[in-house]
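In: need a 3D model of the sequence below.
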Amino acid sequence: MRLTRTSDLWWKNAVVYCLDVETYQDGDGDGIGDFTGLTQRIDHLVRLGVTCVWLMPFYPTAERDDGYDITDFYGVDPRLGTLGDFTEFVRTARDRGIRVIADLVVNHTSDRHPWFRESRSSRTSARRDWYVWCDEPPEDGPKGVVFPDAEQSPWEYDEETGQYYLHRFYRQQPDLNVANPAVRDEIARIMGFWTQLGLSGFRVDAVPFLLETDGQEDAGQLPDPHDYLADLRSFLGRRNGEAVLLGEVNLPHPDTMRFFGDPEAGRCEELDMCFDFIGMQKMYLSFARGEAGPLAAALRERPEAPRDGHWATFVRNHDELTLDKLDDGERDEVFAAFGPDEDMRLYGRGLRRRLPPMVGGDRRRVELAYSLLFTLPGTPVLFYGEEIGMGENLAAEGRQAVRTPMQWTADEGGGFSTAPGGDFPNPMTEGAYGPERVNVRDQAHDPDSLLSRVRSLVERYREAPELAWGRTEVLDADDPGVLAHFSSLPEGAVLALHNFSDRRVAAATTVPGLEGGRRLTDMFTGDVVEAAAGGRVGVELAPYGYRWLRVDTPLDDPERTGGV
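Out: Numbering: from 1, shown residues only. Take a look at the predicted model:
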């Protein structure tokens, strides 16, 4: 098969697993997760089939934005361990076939960072221009804020020097001035430092904000910010040829494409991967309606990533489940279905919930979502706890509702820590989704558990290079509840069928390249399905059911196997 570049593009068929060190496993009994505990749990990740761990921020922090308010980009928060503990984890993971990437949060710092303290010490400070200052907020500068419930303006007045500084996030997170060459050089040093310690890349936080220059008096004379992102990509490639940049770019598909690089170049010169926020949001609209149409339309409209680029797919990320790219009516539909109470919503645009409670614990709908995750075109990204069906704790503040401690056992503390629960970073989930009912140990050896099913999905995904490397087409299905998509390479192909409805359906579609008829094999059961002449394939799907059907022989039309 056309896999000649896998050694360089390992992330195209990776299984990425996002976790927060402080809520994953406490190794020293103080109530806080740490790198020692994380290293002890590496076997769970291996058994799950994870090939890349994405670490949320673990750097020293003022702890006013769950680690995203960084006070030192070159260290490990003492609560989580030492640089030695970090290096031991990265080495152990790599020995087990798992690469590690980490959050790169460089569009802002904490206001307690030494750089900002020096910057605000006087208008003539050597680091004054490391941040964005002005006498009065410019009329053409940024107007909106990321957290509208907490901030009214992206400008904060500094009493000490009598000027305003820019902060698109919280006021305690002043924006760095990435137009300053000294700041750009420092960001490159940060990337080089962690790459030298073993990281295989970075998930770049809030990329559009990182590149935005609105509000700077000389914005018209500044270099193209995309040139800067291309420079970072080039620098990282020189340091580590296999390293990846995964970007958080929550924009419409055509705008997101610009962050891969110059569209006319046809290759990735900036980010290697971008999250498909539009597809994720349309998926939830399809769930709410019980119809495949919204997701099918989003996939058809999504541009193909440039050569060597890829989309990243996810069921939910580590923040609120954002729905900001749906229109008001569509968002209200999803809210009504999955977040009927105001306390379940955040910022008026998203849900601070995990999937199982959103669907009332309906195992069929949960499985449907993760079957989609591993068959839709793109690299699948799991958030810790999804593999066992963890729920949220709405008693926690804001986004912290979905960042509760990992549930390993039914014991007090969920096997996360032996410390009293009051010492945990976030409160443990309780009730129907608490550790006494949802945990790794109980599910690990239960063949019918969600954990076993997710492991099976990962195994089938790894056995089907077509899903990662092939050409994917969304096909017409005879029933509005059914999504049919077909991924193909010259040597084989996979047809995936998913039923979004609560009724049994006869799913039928015409598969291009199977005009001469074929045998298709169910990748989970081994059952055989015959494609009729003309490429017609028909199967029955249970309510919220799905099938992965493999075509093991070459297609009639080789032009439909253009690969990546």
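In: would you say Arg519 is within a helix?
Out: No: according to DSSP: H, G, I helix; E, B strand; the rest coil, Arg519 belongs to no helix; its state is strand.
In: show me what it bridges to in the sheet.
Out: Following DSSP bridges, Arg519 is listed with bridge partners Glu530.
In: check contacts around it.
Out: Neighbouring residues of Arg519 by C-beta atoms under 8 Å, 6 or more residues apart in numbering: 528-531, 551-552. C-betas here are computed from N, CA, C, even on glycine.
In: among the residues you listed, show me the least confident.
Out: Lowest pLDDT among the contacts of Arg519: Asp552, with 79.
In: measure that one to Ala337 for me?
Out: Between Asp552 and Ala337 the computed distance is 39 Å (C-beta to C-beta, to the nearest Å).
In: hang on, the earlier thing: of all the contacts of Arg519, which comes closest to Ala468?
Out: Val551 (16.6 Å; C-beta to C-beta).
In: can you get me a residue count around that closest one?
Out: Using other C-beta atoms under 10 Å, Val551 has 24 neighbouring residues.
In: helices of the stretch 101-250 of the chain, start to end?
Out: In the stretch 101-250 of the chain, the segments counted as helices under DSSP state H, counting those that start in this stretch are 114-119, 181-196, 207-211, 225-239.
In: what helices or strands is the helix or strand hosting Arg300 leaning on?
Out: Element membership for Arg300, per DSSP states H and E: helix 293-301. The elements that helix 293-301 packs onto, with contact taken as 3 or more C-beta pairs under 8 Å, 6 or more residues apart in numbering; DSSP states H and E, are helix 277-289, strand 471-475, strand 482-489.
In: who wins for proximity to Gly192 among these?
Out: helix 277-289 (29.3 Å).
In: what packs against the closest one?
Out: Using 3+ C-beta pairs under 8 Å, 6+ apart, helix 277-289 is in contact with helix 253-257, helix 293-301, strand 310-314, strand 321-322, helix 328-338, helix 363-375.
In: ok so, going back, just the mean pLDDT for the helix holding Arg300, thanks.
Out: Averaged over helix 293-301, pLDDT sits at 98.
In: buried residues in that helix?
Out: Within helix 293-301, the residues scored as buried using 16 or more other C-beta atoms under 10 Å are 294-296, 298-299.
In: now swap in stretch 482-500 and tell me
Out: So for stretch 482-500, counting by 16+ other C-beta under 10 Å, buried means 482-500.
In: CA atoms only: put it into CSV for me.
Out: The C-alpha trace of stretch 482-500 is given here as CSV (Å, rounded to 0.1, in the frame of the first residue of the first chain):
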residue,chain,number,x,y,z
VAL,A,482,-27.4,6.9,7.6
LEU,A,483,-23.9,8.3,6.9
ALA,A,484,-22.0,6.2,4.3
HIS,A,485,-18.3,7.0,3.6
PHE,A,486,-15.8,5.0,1.6
SER,A,487,-12.0,5.1,2.1
SER,A,488,-9.8,3.5,-0.6
LEU,A,489,-6.2,2.7,-1.5
PRO,A,490,-5.1,0.6,-4.6
GLU,A,491,-4.9,-2.6,-2.6
GLY,A,492,-8.1,-2.3,-0.6
ALA,A,493,-10.9,-0.2,0.7
VAL,A,494,-13.3,0.2,3.7
LEU,A,495,-17.0,1.2,3.6
ALA,A,496,-18.3,2.6,6.9
LEU,A,497,-22.0,2.9,7.6
HIS,A,498,-23.4,4.7,10.7
ASN,A,499,-27.1,5.1,11.7
PHE,A,500,-27.8,8.3,13.6
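In: where does the nearest residue to Gly309 once chain neighbours are set aside land on pLDDT?
Out: Counting by C-beta to C-beta, 6 or more residues apart in numbering, Gly309 lies nearest to Cys268, which is 4.2 Å off, once chain neighbours are set aside. Cys268 carries a pLDDT value of 83.
In: near Cys268, how many other residues are there?
Out: By other C-beta under 10 Å, 24 other residues sit near Cys268.
In: residues touching the worst-scoring helix or strand of the chain on mean pLDDT, excluding its own?
Out: Lowest on mean pLDDT, DSSP states H and E among the helices and strands of the chain sits helix 207-211, with a mean of 89. Identification of contacts with helix 207-211 by C-beta under 8 Å, 6+ apart yields 106-107, 146, 168-169, 175, 178, 204, 225-226, 228-229, 247-251, 259, 271.
In: mind giving me the ChimeraX select for those residues, buried ones only?
Out: Those of the contacts of helix 207-211 that count as buried under 16+ other C-beta under 10 Å are selected in ChimeraX with:
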select :106,107,168,169,175,178,204,225,228,229,247,248,249,250,251,259,271
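In: show me where the stretch 401-550 of the chain has its helices.
Out: Assigned by DSSP H, counting those that start in this stretch, the stretch 401-550 of the chain shows helices spanning 440-444, 450-462, 465-469.
In: please identify the buried residues of the second one?
Out: Read it as helix 450-462. So, applying 16+ other C-beta under 10 Å, buried residues of helix 450-462: 450-451, 453-455, 457-458, 460-462.
In: got a markdown table for those, with distance to Asp28 and pLDDT too?
Out: Putting the buried residues of helix 450-462 into a markdown table (distance: C-beta to C-beta, whole Å; pLDDT from 0 to 100) gives the following:
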| residue | distance to Asp28 | pLDDT |
| --- | --- | --- |
| Leu450 | 30 | 98 |
| Leu451 | 27 | 98 |
| Arg453 | 34 | 98 |
| Val454 | 29 | 98 |
| Arg455 | 30 | 98 |
| Leu457 | 34 | 98 |
| Val458 | 31 | 98 |
| Arg460 | 38 | 98 |
| Tyr461 | 36 | 98 |
| Arg462 | 35 | 96 |
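In: what's the farthest-apart pair in those?
Out: Spanning the widest gap among the buried residues of helix 450-462 are Leu450 and Arg462, at 18.7 Å by C-beta to C-beta.
In: so Ala312 touches Phe275, yeah?
Out: Yes: taking C-beta atoms under 8 Å as the definition, Ala312 is a contact partner of Phe275 at 4.8 Å.
In: between these two, what contacts are shared?
Out: Counting by C-beta under 8 Å, 6+ apart, the shared contacts of Ala312 and Phe275 are 246, 381.
In: quick one: contacts of the helix or strand hosting Gly84?
Out: If you go by DSSP H and E, Gly84 is part of helix 83-95. With contact meaning C-beta under 8 Å, 6+ apart, helix 83-95 is reached by 34-36, 38-39, 42, 45, 53, 58, 75-76, 99-100, 197-199.
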